[in-house]
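# With the input below, show me the fold.
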Amino acid sequence: MSFKKIALWGATLIAIAYVLVASARSDDPKLRKLITGEEVSEKYINYVLFDRDGRAKCKSAIEGAAQYDLRWTGGGLTTALTHWNATAREDGYIRFSGDNAETQNLPGLWVRVTYHCLFDPDSRTVISVSLEPTKKLRQ
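Purely as a prediction, here's the structure:
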């Protein structure tokens, strides 16, 4: 094989590799998975919350985790899932959290809680949920 043919094949392979890498780095969250340690963009979070049903499934799981009753305190314009992991996890899960809720305890007092929801966007399932009381009590 001549040097020109080898050079042409090499250039072609480099061009194909460049196209594959560029498409894998697309900004469209539907086209690719996040790379471990990569920054999780707001665009990706909106994709997970709305297109992958993360918002509805996490809210339902958080409500189900309350021992007695749970009420959302953020108001109509505030979303319940206000925080998420800043960088992509190795397992691909997104950890949502927030503090716009109160749960009722046995004596009937409302206790403000911080909640966490670990969500798998690929399978559209909630992996785990936790509720942790904060210091404020309300009657």
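
# Could you pull out the helices in the chain for me?
3-24, 42-46, 54-65 (DSSP state H).

# Show me what the last one is packed up against.
Applying 3 or more Cβ pairs under 8 Å, 6 or more residues apart in numbering; DSSP states H and E, one finds that helix 54-65 makes contact with strand 94-104, strand 110-120, strand 125-138. From N, CA and C alone the C-beta is placed, and that goes for glycine too.

# What residues sit buried inside the second one?
In other words, strand 110-120. Buried residues in strand 110-120, counted by 16 or more other Cβ atoms under 10 Å: 110-113, 115-120.

# Alpha carbons only: can I get that strand in PDB?
What follows is strand 110-120, C-alpha atoms only, in PDB (Å, rounded to 0.1, in the frame of the first residue of the first chain):
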ATOM      1  CA  TRP A 110     -46.000  20.200  61.500                       C
ATOM      2  CA  VAL A 111     -42.300  19.800  61.200                       C
ATOM      3  CA  ARG A 112     -40.300  21.300  58.400                       C
ATOM      4  CA  VAL A 113     -38.300  18.600  56.500                       C
ATOM      5  CA  THR A 114     -35.400  18.400  54.000                       C
ATOM      6  CA  TYR A 115     -36.000  15.700  51.500                       C
ATOM      7  CA  HIS A 116     -33.900  13.800  49.000                       C
ATOM      8  CA  CYS A 117     -34.900  11.700  46.000                       C
ATOM      9  CA  LEU A 118     -32.400   9.500  44.100                       C
ATOM     10  CA  PHE A 119     -33.800   9.100  40.500                       C
ATOM     11  CA  ASP A 120     -32.700   6.900  37.600                       C
END
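
# and that strand, how far out from the chain's middle?
Distance, stretch centre to chain centre, for strand 110-120: 14 Å (Cα atoms, centre = their mean, to the nearest Å).
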